[in-house]
Structures are given as structure tokens and as C-alpha cells.
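**Student:** predicted model follows, preceded by the sequence.
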Amino acid sequence: MKETRFSSVDEVVARLNPSYPVFVVFPDVLARRARDFIAGFPGTVLYAVKCNPDPHVLRALYGAGIRHFDTASLPEIAKISELLPDAHCYFNHPVKSRGALESASDVYGIEHYVVDHISELDKLNQVVGTDITVEVRVTTPKNNSVYNLSSKFGAQPDVAVELLKEAHKRGSRTAISFHVGSQCPDPSAYRKSLEVAVAVAKQAGVEISYFDIGGGFPADYGDPIPPLEEYFEVIRQAQRDLAINVPLYAEPGRALVADGCSVLVQVQLRKGDDLYINDGIYGSMSEIHLADLRPPVRAIARNGEVQGAKKPFRIFGPTCDSLDVFKVKFELPADIAEGDWIEFARMGAYSIGMQSGFNGFFTDTVVQVSGASTISGF
Ligand SMILES: Cc1ncc(COP(=O)(O)O)c(C=O)c1O
């Protein structure tokens, strides 16, 4: 299949003159991120599909060597299986419907499943049987991650011990997983959680096939974060200190894709220092709102640069309610006007996959651009 790629975001503007929002994928950036992660992480890398399930993104990661995928739903499993036939899916959602389990097992041959409660283990065994790997998800100690992913899922260590023993007794292979929370600014969180996981494994006294340390590796949104290599070093050190001699898995989402995509929007109306654009918090940009992100922005005019010194603008999205506005203001050139475009960079994570279609606004134009965004700093 011949791939169409634009040479730059400016070329997208010049050729499409888009009055609709455009989701821009940079496959070269995604491939480099994937290769760096595979090279640095001391184990198997699963991409967390929920983070950005766009087929261009999936193909770019696959092309760079990602073969394992953290899938949380049957549609994600179906998508990966159909798009990337030799890829391996793991059903890593702790709560699954019986119908989804049946299809995951019978249609797609999934062998790895996460549980954090005995009722889910019972359900899993009733529908799928026991010739599987049961990953028991354990809660993690508190840390400064932007999203806490242990408040909804994860068994307390003593419960995890019992689940592992029970899964083993029923004849399954066993593994342990956790998630330190998304956008985790502290590499030591992985060590602390690995200490918990290793203690749980010892107490359970069953053979552990692997430790899955989840996602959480941060992306650069402007606030200082340690380089990924620091996370890998902490994990390697923990591997040595805790004498971990079974494989490690990781399920990064954000760190693989954040700076590999931009959202290109058009200004539809200017009222003083308020701009009304054609994507917003119900579309591809909900995380700007949810996590107070400040992605880098750049104004583009039909014929080149937008003029004027930069000043803060309030930005409204397209839906009819007054909630569709970013809490943070964005610095843009003073002369920005209706018809100009704004590129929001580093928008690869939790963006196009989270749009709702509310009010009829939906981004369905995705383009690929060679190289990197001129404002991504990559
Ligand atoms: C089970 C699981 N794995 C991996 C991820 C990806 O996390 P991140 O994007 O922070 O790397 C998530 C995110 O919610 C998750 O729930």
C-alpha cells in the first residue's frame, strides 16, 4: 500500500485549506520513540492501545518493532488482530464481560488476562477455562502521578497473594501487574511498586511468569520530567537488587505517542482575546482540560506567519455549552484572526481516541507528515 505523506504541517494547510480539524501523525517520531523504548527497557514492550488507537499510529509502532499490545476491550483486540495479524494481545482490563471473554478466547485466542478480584477470576475460569496466564493486578504505593490508577483497580497485597495462590491451584500460569499512574514524574515509583510485587510473589510462593510494570512513563509537556533513561536505570537497578529473574513487561502509552501527533485547528471567530476553534474538550483535546496540559502551540496563516507579539488568548471549543473552554490560556500572536490555524503539538496521547462526537463535532481527517513537528522540540 502506497503511503501518502505531507512534508510539513504547513503543506497540509496549503493543500487542504482545512476548515475542519485535522489530526496529524508523525510516523518518524513514533518509530523513533518505539525503537528507543525497546532498546532501553529491560524487557518486553506492550503498547497500551487505549492511548491512541489510530491505525496510522499502530502501524508506525508496529513498523518500529512493537509486537505486543495491551488491549482493554474486545474492539481493541479485534482492531489489533485484524490490522497486525502476528501481534500478541493481552486482555489487561480487570473487569470484563462474559461475552467479551468468550470472543477473546474463542475468536482471538487470547491467553493473558488481568484480574484483581476473586469474582473476576471465577468468571474468567468459567468462560475461558484455566489454561491461561492470570495476571494479578496489585495496587501501588501513593506517588505524584497526574492520574492515580490504583484507586479504581488493583488488589491490596494480601488479596493479591490469595488470588495468585488460587489461580495457581486451579492450574493457570500466574503473573503480577501494576500501574504506577499516568504521567508519573518519579522513577522511584517503579522500584517501590516492584518491591511490593516481589514481596507478593514471595508470599504467594507460586511460580511467576513475568512482572508487568504497566505504563505511566511521562511525556514532556513543558514541566521538567526526568529523561526516560533514568526510569530504565531505576528499573534495571531494581531488577538486580530484588533478584528478579523472570521477564519484565511494560505497557507504555503516553511516552510512546505523545510527541508523535499534533492537532491542527482553525479559528472560526475572534472576539477580543477569545478565540473560537473547531476542536475542544469533547473532541481530541479533552486532556488539556482534564490534566491542565500546556502543549506547545503555533499559529499558521494562509500565507505564512501570523504577525504580532505573543499574548494570552482564551480558547473555546466548538460545542454549544459553556464548559467547552480551556482553563489555561495560550500565547499566540496578537494579529491572529478568523481563518488562521493553530497547531497544538504533543497531542498524541489520550486525544483522538477520547473524542465523543458531541454536538456533531468529530475529527475524522487524519494525515501523516514526514519528520517531526517544528514546535515539538523533538
Ligand atoms: C492497564 C493500563 N496499562 C497501560 C496504560 C497506559 O498508561 P500510560 O499512557 O500512562 O503509559 C494504562 C492507562 O490507563 C492502563 O490502564
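**Tutor:** Perfect, I can see it now. Numbers count the residues shown, from 1 in each chain.
**Student:** got the contact list for the residue of the stretch 1-150 of the chain found nearest the ligand?
**Tutor:** Going by CB to the nearest ligand atom, the ligand is nearest to Ala48 of the stretch 1-150 of the chain, at 3.5 Å. For glycine as for every other residue, the C-beta is placed from the backbone atoms N, C-alpha and C. Under the criterion of CB atoms under 8 Å, 6 or more residues apart in numbering, the contact list for Ala48 reads 69-70, 215, 251-253.
**Student:** switch to 10 Å and redo it
**Tutor:** 69-72, 76, 92, 179, 182, 214-216, 250-257, 349 (CB atoms under 10 Å, 6 or more residues apart in numbering).
**Student:** so it bridges to which residues?
**Tutor:** Legend: beta-bridge partners of Ala48 under DSSP bridges are Asp70.
**Student:** buried residues in stretch 312-321?
**Tutor:** Within stretch 312-321, the residues scored as buried using 16 or more other CB atoms under 10 Å are 313-319.
**Student:** likewise for stretch 143-151?
**Tutor:** Within stretch 143-151, the residues that count as buried by 16+ other CB under 10 Å are 143, 145-150.
**Student:** identify the farthest-apart pair in these.
**Tutor:** Val146 and Ser150 (13.5 Å; CB to CB).
**Student:** in a markdown table: the buried residues of stretch 312-321, plus secondary structure.
**Tutor:** Shown next, in a markdown table, are those (DSSP: H, G, I helix; E, B strand; the rest coil):
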| residue | secondary structure |
| --- | --- |
| Phe313 | strand |
| Arg314 | strand |
| Ile315 | strand |
| Phe316 | strand |
| Gly317 | coil |
| Pro318 | coil |
| Thr319 | coil |
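**Student:** return the subset of the contacts of Ala48 lying in strands.
**Tutor:** Secondary structure defined by DSSP state E assigns 69-71, 250 of the contacts of Ala48 to strands.
**Student:** of those, list those near the ligand.
**Tutor:** Among these, the ones lying near the ligand by CB under 6 Å from any ligand atom are Asp70.
**Student:** contacting residues for the residue lying closest to Gly216 once chain neighbours are set aside?
**Tutor:** Leaving aside its sequence neighbours, Gly216 sits nearest to Cys184 (CB to CB, 6 or more residues apart in numbering; 3.9 Å). Residues counted as contacts of Cys184 (CB under 10 Å, 6+ apart) are 140, 143-147, 149, 190, 193, 214-218, 225-226, 231, 254-255.
**Student:** among these, which are in reach of the ligand?
**Tutor:** 149, 214-217, 254-255.
**Student:** among the contacts of Ala48, which ones are buried?
**Tutor:** 69-72, 76, 92, 179, 182, 214-216, 250-257, 349.
**Student:** much appreciated, bye for now.
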